[in-house]
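Chemist: following is a predicted model, sequence given first.
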Amino acid sequence: MTNQPFTVIIPARLSSTRLPEKIIADLGGKPLIVRTANAAMKSQAKQVVVAADDEKIVQICTDNGIDAVLTDKTHQSGTDRLAQAVSLLGLPENMPIINVQGDEPLINPQIIDDLADFFIKSGVNMATAAHTIDNIQEFHNPNIVKTVLDKNNNALYFSRSPIPYPRETQAKELPTQVSVLRHIGIYAYSVPFLLNYQKLAQSPLEEIEKLEQLRVLWHGEKIAVMKTAIIPAAGVDTLDDLQRVRRLWAEQ
């Protein structure tokens, strides 16, 4: 593990299409965003900050001893929100930034540390993580984002569709020539790259797939992908997800 300090920033938006105000939903007596931040604080991060779009979230974080900054409500993505947070915090250019999703209260802190280490040692501008899929149902599930890589483990594409699509078996079996990878929604960035990201125009692919990382590929930038054996626990997108996470939390 590298000794270089890094910062975790957690984007948190109050409104949510599939589950309104999920970010402050109760999980074992505390709001979801607090549980996520507390999990991130178990990593080796120098600091953990919530980038919120609403005063209600900022107040909840403050009441629970978590640093938070108020950002604009108009950001198109969590990455855009992080870019503003970096500016507000005045973070130095050499500070690696890890983006942890606000609806991941069960995130394993080890994957945060591993990605920070991978990012720092790789010397790249942006990195993310993925793990192997060995289940055909997950391969076809549009809620599970897949990625394919080049020979240097840089992302070629991300999609909700089955990729790479095995033509001969009509995707009834998983491809055997390469690993099928599930993208994990955690990112690492350099500060200059993050600040430049907000200047990039949205791409048609990003709008079609609803995947913000496609903006980076569209504009010709690279995303290094760390392969990990750590399979992330359930995040919260829907009411069913929230109920499942509550059950998992109660079992801890």
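Modeler: Alright, I've got the coordinates.
Chemist: residues near Asn64, how many?
Modeler: Using other CB atoms under 10 Å, Asn64 has 15 neighbouring residues. Heads up, the C-betas are built off the backbone N, CA and C, glycines and all.
Chemist: that one reaches Arg35, doesn't it?
Modeler: No - here Asn64 lies out of contact with Arg35, judged by CB atoms under 8 Å, at a distance of 9.7 Å.
Chemist: wait, isn't Ile98 in contact with Val8?
Modeler: Yes - contact between Ile98 and Val8 holds when scored by CB under 8 Å: they sit 4.7 Å apart.
Chemist: shared neighbours of these two, anything?
Modeler: Residues touching both Ile98 and Val8 by CB atoms under 8 Å, 6 or more residues apart in numbering: Ala45, Ile112.
Chemist: which residue packs closest to Ser77, ignoring adjacent ones?
Modeler: In this structure, Ser77 finds its nearest non-sequential neighbour in Glu212, 3.9 Å apart by CB to CB, 6 or more residues apart in numbering.
Chemist: how near is the one you found to Gln76?
Modeler: Look at Glu212 and Gln76: by CB to CB, to the nearest Å, they are 8 Å apart.
Chemist: which one of these two has more residues nearby?
Modeler: Legend: neighbour count by other CB under 10 Å for Glu212 and Gln76, higher for Glu212 (19 against 13).
Chemist: using just helix, strand and coil, how would you label the more buried one?
Modeler: coil (DSSP: H, G, I helix; E, B strand; the rest coil).
Chemist: residues in contact with it?
Modeler: Gln76, Ser77, Gly78, Thr79, Glu206.
Chemist: which residues sit against stretch 16-34?
Modeler: By CB under 8 Å, 6+ apart, stretch 16-34 touches 10, 12-15, 35, 38, 50, 56-57, 60-61, 64, 66, 102-103, 105, 236-239, 241-242, 245-246, 249-250.
Chemist: out of those, which are buried?
Modeler: By neighbour count, with 16 or more other CB atoms under 10 Å, the contacts of stretch 16-34 hold 10, 12-14, 35, 50, 57, 60-61, 66, 102-103, 105, 236, 241-242, 245-246 as buried.
Chemist: quick one: which of these sit in helices?
Modeler: Using DSSP state H, the members of those that fall in helices are Arg35, Ile57, Ile60, Cys61, Asp241, Leu242, Val245, Arg246.
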